[in-house]
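>>> sharing a sequence plus its predicted fold:
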Amino acid sequence: MSAFITFEGPDGSGKSTICNLVYDELLKNNIRTIKTREPGGTRISEKIREIILDKDLKEMDMRTEALLYSASRAQHTYEKIIPALEDGTTVLCERYVLSSLAYQGHARGQKLEDIRAINDFATGGKKPDIVFIFRTNNSTLARKDQACYDRLECEGDDFHKKVRDYYNNLEKEENYYFIDVNQTIEEVFGDCMKILKERKILWNL
Ligand code: TYD
């Protein structure tokens, strides 16, 4: 049995670090696993990523942005995620549909139902088994080197506060797990592993 596990949260909230630690731990337990990310994860999606995050493309319309994220996601879902899951491989993915709801929907001010609709089309409604939602009230962007800022990271503090608020105000759904990231890396990792154990991701394989 395989599982589809996603990591969601604001920029700089530690998703990559924790995803890498979880990946190593699953491999140690002989669970066949791949690690991937959005936007990107396939040849085509990585090319779309370059366009989306290009700082020079200041004129990009927010609808174009939303459609490009979902186009990248469609390719990633059908080329990589679904085939891996069908092959019995567990998939760890940094960001998925919730990122589009947070950034293109709530933060950009586009209708959530529109963003949901294009993403339903892009993914065929494929849902993760587990969504780790990293929560913090602090700005996490500062943790990053400013020279590395991409087009989205260059948005102002208001934009990033809206992203945080979206994640912080989500209501619990069956596959949502809220993780407080104002803790040490070891503690955040521990919280994630506890949930994977409870959900028997580690031991019923
Ligand atoms: P990501 O590679 O996760 O950046 P980082 O590793 O720096 O957190 O994502 C790049 C940017 O794209 C990030 O600012 C979040 C944004 N994003 C969206 O706006 N919508 C989406 O659907 C996704 C997947 C990412």
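Structure's in. What do you need?

>>> near the ligand, which residues of this protein?
11, 16, 37-39, 53, 69, 94-95, 99-100, 103-104, 150, 152-153 (CB under 6 Å from any ligand atom). (Each C-beta comes from the backbone N, C-alpha and C, glycine too.)

>>> list the buried residues in stretch 59-77.
Residues of stretch 59-77 classed as buried: 65-66, 68-77 (neighbour count, 16 or more other CB atoms under 10 Å).

>>> same question for that stretch, mean pLDDT?
The average pLDDT within stretch 59-77 is 98.

>>> how about stretch 186-198?
96.

>>> could you do stretch 7-26 as well?
Rounded mean pLDDT across stretch 7-26 is 96.

>>> which residues are contacting it?
The contact list for stretch 7-26, computed with CB atoms under 8 Å, 6 or more residues apart in numbering, reads 5, 33, 35, 37, 90, 92-96, 98-99, 102, 131-136, 140-144, 152-153, 160, 163-164, 167, 179, 181, 185, 188-189, 192-193, 196, 201-202.

>>> try 6 Å
Stretch 7-26 is contacted from outside by 33, 35, 92, 94, 98, 131-134, 140-141, 143-144, 153, 163-164, 167, 181, 188-189, 192, using CB atoms under 6 Å, 6 or more residues apart in numbering.

>>> before we move on, the earlier item: what's the most distant pair in the residues of the chain next to the ligand?
Greatest spatial distance among the residues of the chain next to the ligand (CB to CB): Ser16 and Gln104, at 21.0 Å.

>>> which pLDDT value goes with the residue nearest the centre of the chain?
By CA atoms, centre = their mean, the mean C-alpha position of the chain lies nearest to Arg95, the distance being 1.0 Å. Looking at Arg95, its pLDDT is 98.

>>> for ChimeraX, write a command that selects the buried ones of the residues of the chain next to the ligand.
Buried members of those, defined by 16+ other CB under 10 Å, are picked up in ChimeraX with:
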select :11,37,38,39,53,69,94,95,99,100,103,104,152,153
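
>>> helices - which of the residues of the chain next to the ligand land there?
Counted as lying in helices by DSSP state H, out of these, are 16, 53, 69, 99-100.

>>> quick revisit: pull out the buried residues from the contacts of stretch 7-26.
Among the contacts of stretch 7-26, those classed as buried by 16+ other CB under 10 Å are 33, 35, 92, 94, 98, 131-134, 140-141, 153, 163-164, 167, 181, 188-189, 192.

>>> among those residues, which are in strands?
Residues of the buried ones among the contacts of stretch 7-26 located in strands (DSSP state E): 33, 35, 92, 94, 131-134.

>>> and stretch 34-48, what's buried?
34-42, 45, 48.

>>> Lys28: neighbour count?
For Lys28, the count of nearby residues is 8 (other CB atoms under 10 Å).

>>> sorry, back to before: closest to Glu173 among the buried residues of stretch 34-48?
Nearest to Glu173 among the buried residues of stretch 34-48, counting by CB to CB, is Glu38 at 19.5 Å.

>>> does that closest one really touch Val97, like I thought?
No. Between Glu38 and Val97 there is no contact under CB atoms under 6 Å: 9.2 Å.

>>> who touches whatever helix or strand Lys194 lives in?
Using DSSP states H and E, Lys194 falls within helix 185-198. With contact meaning CB under 6 Å, 6+ apart, helix 185-198 is reached by 18, 21-22, 132, 177, 179, 181, 202.
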